[in-house]
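>>> no sequence for this one, just the structure:
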């Protein structure tokens, strides 16, 4: 970027495009990668839950992978609600599921962690 000019480089096609801009707005669509969690029977990019508990009674889901808003506020809200659920389920230790959910965007790999799935 120089002044008010941004140069975009095509990922799939060779060449460059330069255009003048006063502002740049980056809009990126997102959806949960649920292929790694097929055993939880995902539907329409969400995992069905009953009070955030999945089909596996020791796995809870919250945030973008449950039905509802796809916002940070909603993700935090559902995460708290899942954690504050039936305390009798929380005997013992928590174990975070560690599936590789990294994404590649424009040739750059972004590692992600699945903080929304917990196994008791």
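Done, it's in. This is a predicted model, so every value here is computed, not measured.

>>> all contacts plus neighbour counts: C-alpha atoms, from now on.
OK.

>>> Give me the nearest residue to residue 70, chain neighbours excluded.
residue 64 (5.4 Å; CA to CA, 6 or more residues apart in numbering).

>>> One more: residue 82?
Spatially, and ignoring its direct neighbours in sequence, residue 82 is nearest to residue 52 (5.5 Å; CA to CA, 6+ apart).

>>> Please name the residues that touch the one you found.
Contact analysis of residue 52 by CA atoms under 8 Å, 6 or more residues apart in numbering lists 60-62, 66, 78, 81-82.

>>> now with 10 Å?
Residue 52 is in contact with 59-63, 66, 78-79, 81-83, 85, 117, counting by CA atoms under 10 Å, 6 or more residues apart in numbering.

>>> Local confidence estimate at it?
The model reports residue 52 with a pLDDT of 81.

>>> likewise residue 96?
Value listed for residue 96 in the pLDDT field: 52.

>>> Just the strands from this structure, written as ranges.
Along the chain, the stretches classed as strands by DSSP state E are 5-9, 16-20, 59-61, 95-96, 103-105, 108-110, 117-119.

>>> which one of those strands has the lowest average pLDDT?
Among the strands of the chain, strand 117-119 carries the lowest mean pLDDT (a mean of 46).

>>> sorry, back to before: quickly note the distance from the residue nearest to residue 70 to residue 16.
35 Å (CA to CA, to the nearest Å).

>>> One more: residue 46?
38 Å.

>>> can you check residue 45 too?
From residue 45 to residue 16 the distance is 35 Å (CA to CA).

>>> So between these two, which is more surrounded?
residue 45 (15 against 10; other CA atoms under 10 Å).

>>> Counting neighbours, what do you get for residue 59?
19.

>>> Residue 68 now?
13.

>>> what do you get for residue 80?
Using other CA under 10 Å, the number of residues around residue 80 comes to 13.
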